[in-house]
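J.: I need the structure of the sequence given here:
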Amino acid sequence: DLHHLVNLSLIQSPSAPYKLCSVIPNTWKAMSSLESVSICLFGPIPDFIGESWPKLRDFILAGSSYVGNVTASLCKLTELEYVDLSFSQFTGEIPPCIFSMPNLSHLDFSNNIFSGLIPDTIGAAQTIKYVSLANNDLSGMLPQSIGKLSRISYLSLAQNMLIGEIPSAFNILANNNQSISIDLSSNMLSLIQNGLQHFFDAVDGDYYANPFQCPLPSNIHNATCS
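T.: Modelled structure (predicted):
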């Protein structure tokens, strides 16, 4: 009975001789009790999941082979806590509503082909602890709203095409009373706003491979300038 299925996993052993991926067929609409989905996706994320899977907490599509956008219907899953679409081929812009999901704690969109700006709504993710948007084609400037991530412990925006400055709003992250690791390496960041000494003292950061202008703050490590 599909209606009572709670966990769905189609992940195969890493030693398998080939990758087995699947589409999400319309018949899966009936799986209204699903709490966890872990599959390699071969087709699009269907729009029906936002209303048909209201109990979903874990959504893992890592290693998927589908090339296309992420549907905004994902944002209707208010119980969602863990999302992993890493090492796939998702394209287009990141839906801004992703960061407004009330229970989201882990978001991994790394190693895809996402483009456009980092949504300013990222600051609305008040429950999120882990965010990786690394190794995509994201551009534009770092949103000031990142400073509002009050529970963040890991943030990676490395290997994108981000430009401009590290904003002073990042200082707020240093007041979160928890260990924080941030990776901004391999972008096109060129400036560091004044007044970030507290941030660089408190955060474990990687800023290498950015064309920062000299001089750099004396307490910044893992960075070079020219």
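
J.: confirm for me that Asp201 is in contact with Ala174.
T.: Yes. Contact criterion CB atoms under 8 Å: Asp201 and Ala174 qualify, at 7.2 Å. For every residue, glycine as well, the C-beta is placed using N, CA and C.

J.: looking at those two, which one has more neighbours?
T.: The neighbour comparison of Asp201 against Ala174 (other CB atoms under 10 Å) goes to Ala174, with 17 against 11.

J.: quick one, phi psi at the more buried one?
T.: Listed backbone geometry of Ala174 is phi -70, psi -10, with angles given as degrees, to the nearest 10.

J.: cool, and Ile146?
T.: Torsion angles at Ile146 (phi, psi; degrees, to the nearest 10) stand at phi -60, psi -30.

J.: shouldn't it be in contact with Gly123?
T.: Yes. In this structure, Ile146 is within contact of Gly123 by CB under 8 Å, at 6.3 Å.

J.: neighbour count winner among the two?
T.: A count of neighbours by other CB under 10 Å puts Ile146 above the other of Ile146 and Gly123, at 23 against 18.

J.: okay, that one: pLDDT?
T.: At Ile146, the model reports a pLDDT of 96.

J.: wait, what's in contact with it?
T.: Neighbouring residues of Ile146 by CB atoms under 8 Å, 6 or more residues apart in numbering: 122-123, 155, 167, 169-170, 173.

J.: dump those residues to CSV, plus distance to Ala134, pLDDT and secondary structure.
T.: Formatted as CSV, those follow (distance: CB to CB, whole Å; pLDDT from 0 to 100; DSSP: H, G, I helix; E, B strand; the rest coil):
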residue, distance to Ala134, pLDDT, secondary structure
Ile122, 14, 97, helix
Gly123, 19, 96, helix
Leu155, 10, 97, strand
Pro167, 19, 92, coil
Ala169, 21, 91, helix
Phe170, 17, 92, helix
Leu173, 18, 90, helix
